[in-house]
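Q: A predicted structure for the sequence below; I have some questions about it.
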Amino acid sequence: MTSTPASVQSLQRSSGSIFGIPLPVQMLIGLVIGCIIGLLWPMIGKELLPVGQAFVKALRMLIIPLVFSSITLGIYYMGREIGAVGRIVGIAFLWFYFATGLCVVIGLVMNGIFHPGIGADLTIPGGKVPANAGLSVNWVQFLLDLVPANVVSAMAEQKILQVLLFGMLLGGALSTIGEVARPIIGVLQGVQAAVMKMVRWIIAFAPLAVAGMMAWLLSTQGTGALYALAKLVGTLYIGLAVVALLMGLVLFVIGENPLAIVKKIAEPLLLAFTTRSSEVTLPIHMEILERIGVPNKIVATVIPLGYSFNQDGTSLYVSLAVAFVVEAHNIHLDLPALLTIIMAGLITTKGMGNVGGGGLIAATTVLVAMGLPVEAIAIIAGIDVFMDMGRTTVNVMGNTVAVLLVRKFGRVTDDAMAPTLAAAQGEHGA
């Protein structure tokens with residue numbers, strides 16, 4: 001079972017390599033070149049800011065169509081699958097949302113402890129920061145503003161939370177109206193596939209953007225910015241370690257031996273860390289889980305869903321990266337800002353599970369929702385490869401916990417699930 005069309009999956013596998021050099025390595029090279037230019041030729045480095053700004057502007061152009069199509073399709077598939085396999089998928093999604101919310105909060109807690117963004121002034125010349133950023137808000141008005149009076153206007157003004165709410169409602173409605181929804185779903189799948197292709201085109205220029213942004217950053221701030229980025233990576237891994245320990249505690253509570261489970265799934269964990277790809281680990285992950293006694297139909301249902309909707313490491317990364325950018329703009333993270341990050345992060349990570357570069361896209365989406373400049377995303381992209389290894393590994397661990405939770409509480413045998421699962425697979429394959 002999968003909620004991603006084959007055409008979309010083929011786009012996800014696009015490596016973006018040039019002369020055999022993978023895109024993450026290209027971005028690292030861009031980071032090094034940018035640092036060299038910024039330190040040795042600061043006058044040139046100061047003039048390279050528009051290179052990064054153009055990249056971020058192009059990326060921001062795609063946020064609304066990608067978020068809208070992804071969240072609508074995600075909620076549609078979620079609704080269809082819950083109707084098809086009931087208790088199994090229900091338990092899985094309860095864990096998905098609980099784990100995602102917990103990881104988002106842990107990311108904010110880690111930022112509150114270490115504050116990697118403080119002292120790294122990422123304020124872009126001419127960048128507009130909302131006048132009320134970090135201030136108290138009228139909560140009644142805030143909740144009312146979540147409901148768009150005109151969804152087209154909300155899209156034009158890039159009011160992300162309003163677009164997300166409309167997309168969730170539309171996806172839920174489409175999942176309940178049967179065959180008549182198929183033409184709309186086909187259009188949304190086409191939009192998502194086309195926009196993802198455009199994302200790949202734009203991401204291919206990320207090394208140039210990283211070089212330009214780092215050259216500007218080093219020429220204006222010196223090596224202090226590198227220290228802040230290194231601190232961000234270190235903070236992320238501390239947070240991921242906390243998440244891994246909590247997952248181990250969950251396994252212990254449900255009667256599993258955490259160390260034994262980690263040892264059994266060591267191969268997909270190591271593969272996730274080295275390749276930074278959840279897709280690569282999927283077949284061997286499923287095979288190992290079946291080998292340790294999880295019924296085939298549970299594995300075949302929960303793991304593909306988890307790889308699409310349960311991105312625990314990515315959720316922590318998104319909240320931490322956004323908090324880093326907010327504080328690097330000298331904005332205090334008060335309760336309204338924290339709740340906005342939690343709300344937007346909880347939703348956007350569910351819509352970005354099948355999007356190449358989904359972590360950066362989700363972080364950009366949350367920043368847009370807060371009305372903040374998103375140029376810093378190009379800076380973070382330069383070190384993304386280091387963070388991607390850890391968060392992908394935690395994604396795999398989180399999906400393992402989801403499978404074992406469903407086995408513990410699902411009380412559904414292979415034979416009982418077979419008819420409904422087959423029906424669900426038939427609907428997606430149609």
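A: Arrived safely. Not measured: the values here are computed from a predicted model.

Q: ok, Ala156 - how many residues close by?
A: By the measure other C-beta atoms under 10 Å, the count of residues near Ala156 is 10. Just so you know, the C-beta spots here come from the backbone N, C-alpha and C atoms, and that holds for glycine as well.

Q: any idea how far it lies from Ile361?
A: Distance of Ala156 to Ile361, computed by C-beta to C-beta, to the nearest Å: 20 Å.

Q: dump the residue contacts of the nearest residue in space to Phe409 that is not next to it in sequence.
A: Once flanking residues are discounted, Phe409 sits nearest to Ile91: 5.6 Å by C-beta to C-beta, 6 or more residues apart in numbering. Ile91 makes contact with Leu405, Val406, Phe409, Gly410, according to C-beta atoms under 8 Å, 6 or more residues apart in numbering.

Q: Ala402 contacts Ala92, doesn't it?
A: Yes. Look at Ala402 against Ala92 with C-beta atoms under 8 Å: they come within range, at 5.5 Å.

Q: residues shared between the contacts of those two?
A: Joint contacts of Ala402 and Ala92 (C-beta under 8 Å, 6+ apart) are Val302, Gly306, Asn310.

Q: what about the second one, how many residues close to it?
A: The local packing count at Gly306 equals 29, with neighbours defined by other C-beta under 10 Å.

Q: Likewise for His329?
A: Neighbour tally, His329, other C-beta under 10 Å: 21.

Q: what do you get for the one 3 residues further on?
A: Using other C-beta under 10 Å, His332 is surrounded by 10 other residues.

Q: Would you report the backbone torsion angles of it?
A: phi -80, psi 130 (degrees, to the nearest 10).

Q: Also Ile21?
A: Per degrees, to the nearest 10, the backbone of Ile21 is at phi -90, psi 120.

Q: Which strand residues bridge it?
A: Under the criterion DSSP bridges, Ile21 forms beta bridges with Ile18.

Q: Compute the number of surrounding residues for it.
A: Neighbour number of Ile21 under other C-beta under 10 Å is 14.

Q: State the distance from it to Gly30.
A: On the measure of C-beta to C-beta, Ile21 and Gly30 end up 11 Å apart.

Q: follow-up on the earlier one: let me know the closest of the contacts of Ile91 to Gly38.
A: Proximity of these to Gly38 (C-beta to C-beta) peaks at Leu405, which lies at 48.0 Å.

Q: Now do that closest one: how many residues are near it, please.
A: For Leu405, using other C-beta under 10 Å, the count is 21.

Q: Settle this for me: it is touching Phe98, isn't it.
A: No. With contact defined as C-beta under 8 Å, Leu405 does not count as touching Phe98 (10.1 Å).

Q: Not counting its neighbours along the chain, what's nearest Tyr307?
A: Nearest in space to Tyr307, with sequence neighbours left out and distances taken as C-beta to C-beta, 6+ apart, is Ser278 at 5.2 Å.

Q: Spit out the contact partners of that neighbour.
A: Ser278 touches Ala272, Tyr307, Thr392, Asn395, Val396, counting by C-beta under 8 Å, 6+ apart.

Q: Measure how buried the fourth one is and give me the count.
A: In other words, Asn395. Neighbours of Asn395 (other C-beta under 10 Å): 22.

Q: Tell me if I'm right that it and Ala272 touch.
A: Yes. Asn395 lies in contact with Ala272 (C-beta under 8 Å); the separation is 7.0 Å.

Q: CA-only coordinates of stretch 284-298 in CSV, if you can.
A: Taking C-alpha atoms only, stretch 284-298 is exported to CSV below (Å, rounded to 0.1, in the frame of the first residue of the first chain):
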residue,chain,number,x,y,z
ILE,A,284,14.8,-4.5,4.2
HIS,A,285,13.0,-2.8,7.1
MET,A,286,9.8,-4.6,6.3
GLU,A,287,11.6,-7.9,5.8
ILE,A,288,13.3,-7.7,9.2
LEU,A,289,10.1,-6.8,11.0
GLU,A,290,8.3,-9.8,9.5
ARG,A,291,11.3,-12.0,10.4
ILE,A,292,11.0,-11.0,14.1
GLY,A,293,7.4,-12.1,14.2
VAL,A,294,5.2,-9.1,13.2
PRO,A,295,2.3,-10.2,10.9
ASN,A,296,2.9,-9.4,7.3
LYS,A,297,-0.3,-7.4,6.9
ILE,A,298,0.5,-5.1,9.8
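
Q: Show me which residues of that stretch are buried.
A: Neighbour-count burial for stretch 284-298 flags His285, Met286, Ile288, Leu289, Val294, Pro295, Lys297, Ile298 (criterion: 16 or more other C-beta atoms under 10 Å).

Q: SS state for the second one?
A: This points to Met286. Three-state call for Met286 (DSSP: H, G, I helix; E, B strand; the rest coil): helix.

Q: give me every residue that touches it.
A: By C-beta under 8 Å, 6+ apart, the residues touching Met286 are Val299, Ala300, Ile303.
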